[in-house]
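1. Below is the sequence, then the predicted model.
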Amino acid sequence: MRRLLITLLVFIAFGVAGFFVLTDPRVVSPGPEVGTLPAPDLENGKLLFAAGGCASCHATPGQDDKSRLGGGLVLESPFGKFHVPNISPHTRDGIGNWGTADFIQAMTAGVSPSGQHYYPAFPYTSYRQMPAKAVADLLAYIRTLPSVEGKAPAHELGFPFNIRRLVGGWKLLFFDGAPFKADPSKSEEWNRGAYLVNGPGHCAECHSSRNRLGAIVQATRFAGGPDPEGKGWVQNITQAEDGLGKWSKAEIAELLETGFTPSFDNVGGSMAAVVRNMAQLSDADRLAMAEYLKSLPAVQGPARPPKPAG
Amino acid sequence: MLRSAFVALGLAVGISAVLAQANPISERRDAMKAVGAATREGAAMAKGEAPFDAAKAQAVFKVYGDAAKKMPGLYPDSAKTGGETTAAPKIWEDQAGFKAAFAKFEADAAKGAAVTDLAGFRTAFGDATKNCGTCHETYRIKK
């Protein structure tokens, strides 16, 4: 009986130790090695800032200047409320004190400068596809924006989601930290589109359904589902019949620029903000995204709630 | 023959008007569909896919203006949900903002009411259609 108890205690001790080692941010998601980078390209940083939709979440709500990244927007989720942080260049309240390596670690590994996990409400799960040089360009651009005072409140998450360390376990299960790799068998345009859609554009973060732990269900990636932000339904953007199967490449590029669908409906909700961002890209980039989307095999997403007649 | 056809047509129009009256959700959907159809015509002209026609161009803004006047009244408390509506709850939480958005759309549409050349049309059309996205962002859910 005593031996059993001791064995049990030893097992628990090993378990706890294992949990701590495995969920250590530096173990589960080490930041990439960053060598010397060339001087940042501000134009590229600006483009990535638009493609990444940074302002859509981080701009201070209730004012029109999208370059004021004071945070404070509340993201509702099944796990609780996320308060979007300040990423303006303010040295105390924003990211003004961060080094380039800090920012790259945050964007590609989801780890803060103080070594804590970020919740994947911040889509580093997609941004990790961006090469270090691109992330450095983005930081250089953010540093040119106004410094905004004020910190957002702490996230309000239910137990056990309020334990940040658990994100380490989540990363073990669901996080792939690999950067984007071009497919040499595909065209340059397709690869550009694949990078923009999967990396900075993080389209799949909304256009996929998620499992109960909040991870994208890869089998139905891009196939739409209930709107994670609340009411409504997110469109299937694979080549399924009720997805983009009937859309031409030009029609997809048109939607990304103006918000108009082929039937001249105009998209609503947060997609309107996405369109505002994507409108700042070049025609070539929007067409590249369309080229990539046209190559996605048709996948049926979760069933929509039944439509009443009319 | 012709006369009875007209009578039938008149009746059909009357009946659908009555039906629409009874259902603000389908009425507002029809109004927005008319806006979409006008935008299709306008976009073709703006992009040079169709020849510029001043009368057609002005008609686009007439549709916009009419819809902008009519729409705010089609959201009674009784029509918050149902019929596949994509109206966001925000409409009823922020009636002032919602009405202001349509007032702006109406004003932008009025600026195009007398366009006579393609360049002027493009500017007015661009300004007016910006309202689609800004209003939908706040007052419409994804579908």
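-> Thanks, I have it. Numbering: from 1, shown residues only, chains lettered A, B, ... in the order given.
2. which bits of chain B sit near chain A?
-> B:25-26, B:32, B:36-37, B:39-40, B:43, B:82-84, B:86, B:88-89, B:129, B:132-134, B:136-137, B:139-143 (C-beta under 8 Å from any C-beta of the partner chain). All C-beta spots, glycine's among them, are computed from the backbone N, C-alpha and C.
3. Which members of those are positioned in helices?
-> Within those, residues falling in helices by DSSP state H are B:25-26, B:32, B:36-37, B:39-40, B:43, B:129, B:132-134, B:136-137, B:139.
4. Give the buried residues for the helix-or-strand element of chain A with minimal mean pLDDT.
-> Sorting the helices and strands of chain A by mean pLDDT, DSSP states H and E puts helix A:25-28 at the bottom, at a mean of 81. Buried positions in helix A:25-28, judged by neighbour count with 16 or more other C-beta atoms under 10 Å in any protein chain shown: A:Pro25, A:Val28.
5. Also stretch A:132-146?
-> A:Ala132, A:Ala134, A:Val135, A:Ala136, A:Asp137, A:Leu138, A:Leu139, A:Ala140, A:Tyr141, A:Ile142, A:Arg143, A:Leu145.
6. Quick check, the second one in contact with A:Phe49.
-> No - with contact taken as C-beta atoms under 8 Å, A:Ala134 and A:Phe49 are classed as non-touching, separated by 10.9 Å.
7. so who does residue 108 touch?
-> Assuming you mean chain A. Shown in contact with A:Thr108 (C-beta atoms under 8 Å, 6 or more residues apart in numbering or on different chains): A:Gly31, A:Pro32, A:Tyr124, A:Tyr127, A:Arg128, A:Met130, A:Ala132, A:Val135, A:Gly177, A:Pro179.
8. Actually, chain B is the one I wanted.
-> Contacts of B:Asp108 (C-beta under 8 Å, 6+ apart): B:Tyr64, B:Ala124, B:Asp127, B:Ala128, B:Lys130, B:Asn131.
9. can you put those residues in JSON lines and add neighbour count?
-> Converted to JSON lines, the contacts of B:Asp108 look like this (neighbours: other C-beta atoms under 10 Å in any protein chain shown):
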{"residue": "B:Tyr64", "neighbour count": "28"}
{"residue": "B:Ala124", "neighbour count": "24"}
{"residue": "B:Asp127", "neighbour count": "15"}
{"residue": "B:Ala128", "neighbour count": "27"}
{"residue": "B:Lys130", "neighbour count": "16"}
{"residue": "B:Asn131", "neighbour count": "21"}
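10. Quick check: which of the residues you listed has the minimum pLDDT.
-> pLDDT across the contacts of B:Asp108 is lowest for B:Lys130, at 93.
11. now that residue, nearest residue through space, not along the chain?
-> Distance criterion C-beta to C-beta, 6 or more residues apart in numbering or on different chains; nearest residue to B:Lys130, sequence neighbours excluded, is B:Asp108 at 7.8 Å.
12. quick check: longest helix of chain A.
-> Per DSSP H, chain A has its longest helix at helix A:2-22.
13. for that one, the distance to its chain's centre please.
-> 36 Å (C-alpha atoms, centre = their mean, to the nearest Å).
14. residues in the stretch 1-150 of chain A within reach of chain B, list them.
-> Counting by C-beta under 8 Å from any C-beta, the stretch 1-150 of chain A has no residue next to chain B.
15. ok, so of the contacts of A:Thr108, who is nearest chain B?
-> Nearest to chain B among these, counting by C-beta to the nearest C-beta, is A:Tyr127 at 22.8 Å.
16. would you put the C-alpha positions of the helix or strand A:Asn44 falls within in PDB?
-> Per DSSP states H and E, A:Asn44 falls inside helix A:42-51. C-alpha atoms of helix A:42-51 as PDB (Å, rounded to 0.1, in the frame of the first residue of the first chain):
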ATOM      1  CA  LEU A  42       9.600  50.200 -45.100                       C
ATOM      2  CA  GLU A  43       7.500  49.800 -48.300                       C
ATOM      3  CA  ASN A  44       7.400  46.100 -47.800                       C
ATOM      4  CA  GLY A  45       6.600  46.600 -44.100                       C
ATOM      5  CA  LYS A  46       3.700  48.900 -45.000                       C
ATOM      6  CA  LEU A  47       2.400  46.300 -47.500                       C
ATOM      7  CA  LEU A  48       2.600  43.500 -44.900                       C
ATOM      8  CA  PHE A  49       0.900  45.700 -42.300                       C
ATOM      9  CA  ALA A  50      -2.000  46.000 -44.700                       C
ATOM     10  CA  ALA A  51      -2.000  42.400 -45.800                       C
END
